[in-house]
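A.B. asks: build me a structure from this.
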Amino acid sequence: MSTKQVESQLASPEERTMSHPFNRAVYTDLDGIDFTAGIELLEANGFSFSLISSLDSEEIISASEGASALLVGYAEITREMIERMPSVRIIALMSMGFDNVDVEAASDHGIWVTNILGAATEEVATHALALTLNVVRGISLSDRLVRSGHWNAKKESTPPRLSDCTLGVIGLGRIGSRFAEIARPLFREVIGYDPLLPDTSESRAWLEGIGVRRVSLYVLSSTARVVSLHLPLTSETVNMIDSDFLSTMPKGSFLINVSRGGLINSQALANSLTTEHLAGAALDVLDVEPPPSSHPLLQHPKAVITPHNAYLSDRSDAEYVRQQAQNIVTWARCGRPDTPIIDLAKNQSHTS
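C.D. replies: A predicted model of the protein is given here:
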């Protein structure tokens, strides 16, 4: 049964509420995703569900009355919303990133927040490599020129040979390290920066094994011809790629982002591309999604943009949905979900 078929059977959220309200889960925004696997998993474990297909905070608050679980896509869940949803005990996200939920507020109220780990590591790392090859070789630009009748158009710049270039990877978690590993044979060297990775003999041996030399952020930005971002969006990382950072990058370098759009100051990046300090940028994420027609990068000829679909494959799509629901089921069974962002059980000041 598809999500649309399931949704068509629901006259209202109330019609799906079981006699035990804490066994009800609410899907907020669907975004065209087939949630059948998650719905079946929840139903098999005694949950009813509501599908509200909305980003509107008031609709989410209303639908969550008496529900214990929220399954969230891109909806923003603020502190104010959390304070008005007293029955909610767990918020399950369908992504690795969690910047759309006030995790601190949830923790303050004893609410678990979970994300998805490892479901699309290969897909996102591969997408980052595809974007790198596209923008460095000028594939999209060449395609546009050919289709507009300019077969012999003069190239604005000559692409570098990758084996002469250094690749810089900012963020060496699952995806960043996998990207470094698969890209390593193409580059002269791969350097990496990650302030959260401990400097131990084990981590040094691991980095050596995947072919990454650890450096400071300044050394990376001033050395790498290609810089790829693999960081979560936090108060410390928002707009970290600003005009100052971009000015330290070598002239003619390239920026790749498959993480979160808010890591980059879009206007600063557009300016750097326009002045030709940067030769190109390839992005799967933007600071505003979907972008307005006035977005400074949307029509920029040196920017390659894909619609936040780096995670997508015939396997990962269903796995994201399954893992999101599985966090709810595991919490209901064991009192603790599989992949919490903050472990409330270890936080003595908060109880779920």
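A.B. asks: what about the strands in the stretch 101-250 of the chain?
C.D. replies: Counting by DSSP state E, counting those that start in this stretch, the stretch 101-250 of the chain has strands at residues 112-114, 166-170, 189-193, 213-214, 226-229.
A.B. asks: of the ones you listed, give the one that comes closest to V124.
C.D. replies: Comparing the strands of the stretch 101-250 of the chain by their distance to V124 (C-beta to C-beta), the top pick is strand 226-229, with 10.8 Å. Where C-beta positions appear, they are placed from N, C-alpha and C, glycine not excepted.
A.B. asks: test my guess that L269 contacts A281.
C.D. replies: Yes. The criterion here is C-beta atoms under 8 Å, and L269 meets it with A281 at 5.9 Å.
A.B. asks: now do the shared contacts for those two.
C.D. replies: Counting by C-beta atoms under 8 Å, 6 or more residues apart in numbering, the common neighbours of L269 and A281 are 255, 297, 303.
A.B. asks: nearest to D164 among those residues?
C.D. replies: Using C-beta to C-beta, the shared contacts of L269 and A281 come closest to D164 at L255, 18.3 Å.
A.B. asks: ok so that closest one is a strand residue?
C.D. replies: Yes. Assessed with DSSP: H, G, I helix; E, B strand; the rest coil, L255 lies in a strand.
A.B. asks: so that it lines up with my notes, have the first residue be 46 from now on.
C.D. replies: Understood, numbering begins at 46; the last thing we discussed is L300.
A.B. asks: if it is in a bridge, with which residues?
C.D. replies: V272, A326 (DSSP bridges).
A.B. asks: hang on, the earlier thing: highest neighbour count among the shared contacts of L314 and A326?
C.D. replies: When neighbours are counted by other C-beta atoms under 10 Å, L300 leads these with 26 neighbours.
A.B. asks: state the distance from it to I373.
C.D. replies: With the distance defined as C-beta to C-beta, to the nearest Å, L300 ends up 37 Å from I373.
A.B. asks: kindly report the same for N197.
C.D. replies: Using C-beta to C-beta, which is the criterion applied here, N197 is 58 Å from I373.
A.B. asks: looking at these two, which one has more neighbours?
C.D. replies: Using other C-beta under 10 Å as the criterion, N197 and I373 rank with I373 on top: 28 against 6.
A.B. asks: for the more buried one, give me its contacts.
C.D. replies: By C-beta under 8 Å, 6+ apart, I373 lies in contact with 70, 87, 92, 114, 116, 135, 137, 382.
A.B. asks: so which of those comes closest to P277?
C.D. replies: Nearest to P277 among the contacts of I373, with distances taken as C-beta to C-beta, is A137, at 17.1 Å.
A.B. asks: what is the burial count for that closest one?
C.D. replies: Neighbours around A137, by other C-beta under 10 Å: 28.
A.B. asks: so it, which state does it fall into?
C.D. replies: Quick answer, by three-state DSSP: A137 is strand.
A.B. asks: understood, closing this out.
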